[in-house]
Each structure stands twice: as structure tokens, then as C-alpha cells.
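Q: Output the structure for:
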Amino acid sequence: MHSDDILHSHDWQYGNGSRSLFGIAERWSDLPAYQAFNKKVPLERILLIKADAIGDFILSLDAMLAMRQAFPNAHLTLACGPWNVEIARALDFFDEIHVVNFFESRADIPRPPFSVKLLNGLEKKFFDLIVDVRIDIDTRVMFPHLQATYKCGFDSGSHKLNQMMTMWLPHAMPPGTDMNLGMHQTLLMKRLADSVIGLFRTSPDIGRLLRERLAQPAAVDLGFAQGRIVVAINTSSGRLVKNWPLSRYQSLISWLCNKMKVAVFLLGGPDQKEDSDYLLETCRTPFLASFIGQTTLRESMDLLTRADLYIGNDTGLTHMAARMGVSSVSIFSGIDPTAMWAPVGEDVTVLRVPTPCSSCHILQLKDCNHNHSCILDITQEDVRAAVRNKIIAAHRRRMTTGVIGT
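A: Predicted coordinates for the structure are as follows:
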């Protein structure tokens with residue numbers, strides 16, 4: 001089938017998710033904060049909120065200087081109390097200073113009841129990013145009234161807010177101790193700033209270094225693909241409880257090779273030989289090859305860069321592929337928080353089913369009391385829909401650049 005025919009084939013018609021016991025399988029990677037994390041969106045207008053006392057403001061300077069240095073071309077606005085305006089102007093970190101009267105001038109005077117009037121027109125402005133640098137949660141009451149694409153700050157379990165990134169405070173110091181400098185306000189606020197910077201400024205050098213310094217050429221011929229789009233698949237992980245069923249991979253591979261007219265190769269360690277034998281026997285197509293147990297980890301990394309697309313569970317090769325810039329579809333269970341373990345890469349789709357029992361942190365499948373729903377409710381249709389979009393993009397890349405692989 002010609003690539004133009006594939007792009008318009010009726011075989012592509014699948015929905016975005018399917019009804020399950022707990023809901024709909026979702027593309028977790030569509031989360032705006034994850035998109036920002038991976039795609040590094042431009043930030044032209046940034047607001048830092050530090051509305052409290054002079055001492056608090058001084059302790060926050062490391063965090064605010066870090067933001068200024070990380071985003072030198074952004075228009076940086078500071079929202080602060082009137083008593084800190086002179087300090088802020090003299091430091092010359094900020095392009096604009098906006099006074100908010102959230103607190104009284106003395107800390108022993110209760111702050112006034114919140115009103116939008118206290119924002120002095122700040123609510124009428126739009127920002128790409130707002131960061132409330134204050135650790136205590138009281139100033140986060142401003143967030144619903146402020147306009148921004150992304151909002152970041154500290155939070156707590158008792159104060160639910162629709163923030164794009166929340167930093168959770170570490171456990172408080174035990175009573176009677178006062179020696180834990182890890183709880184110092186300066187360090188906590190700097191930690192917030194560093195996390196925000198990392199969210200929008202992950203180093204592209206890591207992917208390049210993995211390719212250049214770690215990947216080793218694999219003496220493997222991909223001629224079996226005969227010019228087709230090439231898909232790499234790893235069917236396993238270090239824990240059975242994280243694995244999408246092998247039978248579903250078998251159906252997916254048959255669909256890929258026979259319907260989508262792509263070629264597939266398998267990667268993995270020697271302990272996956274049974275998986276390899278099963279798939280080769282049941283799929284019975286010349287467009288499936290297995291390199292399971294035949295390459296080192298570093299050679300497998302080279303093969304990943306020669307693929308147009310990678311599909312796998314939550315495992316090491318999945319993270320390698322994503323970080324090296326390989327277009328990827330990652331199938332995630334609910335045993336661990338996706339926000340903690342999602343792959344880092346510019347072209348990653350993460351599929352998961354939200355379940356009330358996540359995150360369970362179980363080690364073995366026998367310990368699951370919910371029929372492994374977090375994995376089993378991710379259907380063929382869910383995965384095919386995600387894979388479809390990646391293959392369409394791969395065909396377009398080839399037609400535009402002539403480049404095979406990533």
C-alpha cells in the first residue's frame with residue numbers, strides 16, 4: 001500500500017478511548033504540564049508572586065534570581081507588597097513591579113479578607129506562567145482570579161487548587177528539633193524555582209549524549225523492513241504487573257504488519273525468549289524480526305534510533321527511547337504515579353487508565369485485588385489510536401525529509 005493510501009485508510013478510524021470498569025483509557029501525556037515538560041513551550045510573560053513581609057522577600061531572592069537567569073528574555077513581573085517595591089527596583093531583576101495589598105504592613109495584624117480589589121488590576125493581565133513563591137498556601141487564593149497558561153506553587157492536601165505543577169512540602173520537623181536546614185525557607189523556595197525551571201527547560205543535551213556516548217552500532221540488518229515504516233517494540237518490563245498482555249501485543253503486531261503495512265522488530269533481554277518465540281510463531285509475517293537476547297543494551301539503543309516509532313511498557317528501554325527523541329507510545333499501569341515516572345521526551349504518548357486503587361505499589365500480580373484493571377482496561381483500540389497518529393507523522397516525515405528513523 002502506498003503511503004498516501006495509508007494516510008487515508010479507513011483502518012485508521014478509532015476513538016480516543018474506550019469505556020472500562022473505572023472509566024476511559026486516557027492519554028495522560030495530553031496533560032498541559034507534561035506537554036510543557038517535553039515540548040519546552042516559550043514563556044514570554046512570567047509573573048512571580050511574593051506578597052509578604054520584607055524578611056520573607058529577602059529569603060526568596062535566590063529563587064527569583066534563578067528564574068530571572070533561566071528566562072532572560074521573558075518579561076518578568078513581580079507582584080509584591082508596597083514595602084518591598086524599593087528593594088525590588090534596586091535589584092533590577094524585574095521588568096515590571098505590581099503592588100498587591102494582600103497583607104498588612106505588620107505581621108501581627110490579621111490580613112484583610114480577600115477581595116479581587118486587592119489585586120489592583122493584576123487580574124486583567126495575562127501571563128504564560130505564574131509562580132507563587134510563598135510557601136504558606138494563603139496567597140494561592142489569588143490563582144483562580146489570575147489569567148495564565150501555567151500556574152505553579154506550593155500546595156497542601158487541605159488546599160486543592162487547579163495548578164499545573166504543585167510542589168509538596170516535605171514532612172514537618174518532629175517536635176523538639178530545630179536542626180533540619182532542609183526545611184529552610186530559602187532552600188524550599190529555591191527548590192520550587194528549580195523545579196519550575198526544570199519543567200520548562202529540560203536539557204536537550206541528554207538525548208544527544210545518550211546517542212553519541214552510550215549507543216553502540218549494532219551489527220543488525222533491517223533489510224527485512226523493505227522500506228516500510230519501522231516500529232520497535234519491547235513487550236516486557238521488570239515486573240509482570242506493569243506489562244500489557246502478550247496476547248494483545250500479538251494482535252497489535254499483526255495489525256501493524258498486515259493492516260498498517262509497517263515492519264516491526266522486537267527488543268529485550270534473554271529472559272524474553274519465550275515472548276519472542278510466541279510472537280514469531282503466531283504472527284507469521286516476514287515483516288517481524290526479533291533481536292531479543294541478541295544485542296547489548298547499548299546496541300539496543302542504536303536500534304531504537306533507527307526506528308520510526310517505539311512501543312513499550314514502563315521500562316528502561318521506554319525511557320531510553322523517549323529521551324533520545326524517538327517517537328514513542330508508552331503503556332503505563334497504575335502501580336506507580338505516572339506524574340513521577342512518565343518518560344521524558346518531545347514526542348511521547350502515555351496511555352493509562354485512572355483507577356481508584358492507584359498507586360498501589362504492588363510488586364506481584366497476585367497481590368492485585370482489582371483484576372489488573374489499570375492495564376487490562378487499556379484496549380487494542382486505545383493503543384491503535386495512539387500508534388496510528390505516530391505512524392501518520394512518520395510517513396509525513398519521510399515524505400518531507402526522506403529520513404528513516406529518528
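
Q: tell me the secondary structure for residue 264?
A: Under the three-state scheme (DSSP: H, G, I helix; E, B strand; the rest coil), residue 264 adopts strand.

Q: can you check residue 351 too?
A: Taking three-state DSSP, the label given to residue 351 is strand.

Q: Beta-bridge partners for it, please?
A: Assessed by DSSP bridges, residue 351 has beta-bridge partners residue 27, residue 331.

Q: Check the gap between residue 317 and residue 25 for me.
A: According to Cβ to Cβ, to the nearest Å, residue 317 stands 22 Å off from residue 25. Heads up, the C-betas are built off the backbone N, CA and C, glycines and all.

Q: Residue 51 too?
A: Taken as Cβ to Cβ, the span from residue 51 to residue 25 is 42 Å.

Q: ok, now residue 130?
A: Counting by Cβ to Cβ, the gap from residue 130 to residue 25 is 32 Å.

Q: so how far is residue 46 from residue 196?
A: With Cβ to Cβ as the criterion, residue 196 and residue 46 are 9 Å apart.

Q: Name the residues contacting each of those two.
A: The contact sets of residue 196 and residue 46 overlap at 67, 129, 131 (Cβ atoms under 8 Å, 6 or more residues apart in numbering).

Q: Mind jotting down where the helices sit in the stretch 51-200 of the chain?
A: 54-59, 61-70, 85-91, 185-200 (DSSP state H, counting those that start in this stretch).

Q: I'd like to know which of the ones you listed is closest to residue 237.
A: Of all the helices of the stretch 51-200 of the chain, it is helix 185-200 that lies closest to residue 237, at 25.7 Å by Cβ to Cβ.

Q: ok, and for the helix or strand following the closest one, which residues are buried?
A: Following helix 185-200 in sequence order, the next helix or strand is helix 205-209 (DSSP states H and E). The neighbour-count check on helix 205-209 (16 or more other Cβ atoms under 10 Å) flags residue 207 as buried.

Q: Using CSV, write out the CA atom coordinates for helix 205-209.
A: Coordinates of each C-alpha in helix 205-209 appear next as CSV, following Å, rounded to 0.1, in the frame of the first residue of the first chain:
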residue,chain,number,x,y,z
ASP,A,205,21.9,17.6,25.6
ILE,A,206,20.9,14.4,27.5
GLY,A,207,19.4,12.9,24.4
ARG,A,208,22.4,13.8,22.3
LEU,A,209,24.8,12.4,24.9
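
Q: what's the burial count for residue 92?
A: Counted with other Cβ atoms under 10 Å, the neighbours of residue 92 add up to 8.

Q: any idea how far the residue lying closest to residue 87 once chain neighbours are set aside lies from residue 78?
A: Among residues not flanking residue 87 along the chain, residue 57 sits closest, at 6.6 Å (Cβ to Cβ, 6 or more residues apart in numbering). Plainly put, residue 57 is 10 Å away from residue 78 if you go by Cβ to Cβ.

Q: okay, and the common contacts of these two?
A: Joint contacts of residue 57 and residue 78 (Cβ under 8 Å, 6+ apart) are 50, 88.

Q: the more surrounded of the two?
A: Shown here are residue 57 and residue 78; by other Cβ under 10 Å, residue 78 has more neighbours (26 against 21).

Q: Low-confidence regions, this protein specifically.
A: Filtered on pLDDT under 70, the chain yields the residue ranges 1-24, 156-164, 169-182, 402-406.

Q: picking that back up, got a markdown table for the shared contacts of residue 196 and residue 46, with neighbour count and distance to residue 277 too?
A: Output for those, formatted as a markdown table (neighbours: other Cβ atoms under 10 Å; distance: Cβ to Cβ, whole Å):
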| residue | neighbour count | distance to residue 277 |
| --- | --- | --- |
| 67 | 22 | 54 |
| 129 | 26 | 51 |
| 131 | 26 | 53 |
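
Q: Can you add distance to residue 249 and give the residues you listed back as TSV?
A: Converted to TSV, these look like this (distance: Cβ to Cβ, whole Å):
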residue	distance to residue 249
67	45
129	40
131	42
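
Q: Pick the one among the residues you listed closest to residue 203.
A: Nearest to residue 203 among the shared contacts of residue 196 and residue 46, with distances taken as Cβ to Cβ, is residue 67, at 17.3 Å.

Q: correct me, but that closest one touches residue 76?
A: Yes. Contact criterion Cβ atoms under 8 Å: residue 67 and residue 76 qualify, at 7.0 Å.

Q: Now the common contact residues for those two.
A: 46, 48.

Q: What segments of the stretch 101-250 of the chain are strands?
A: 126-132, 147-155, 165-168, 230-234 (DSSP state E, counting those that start in this stretch).
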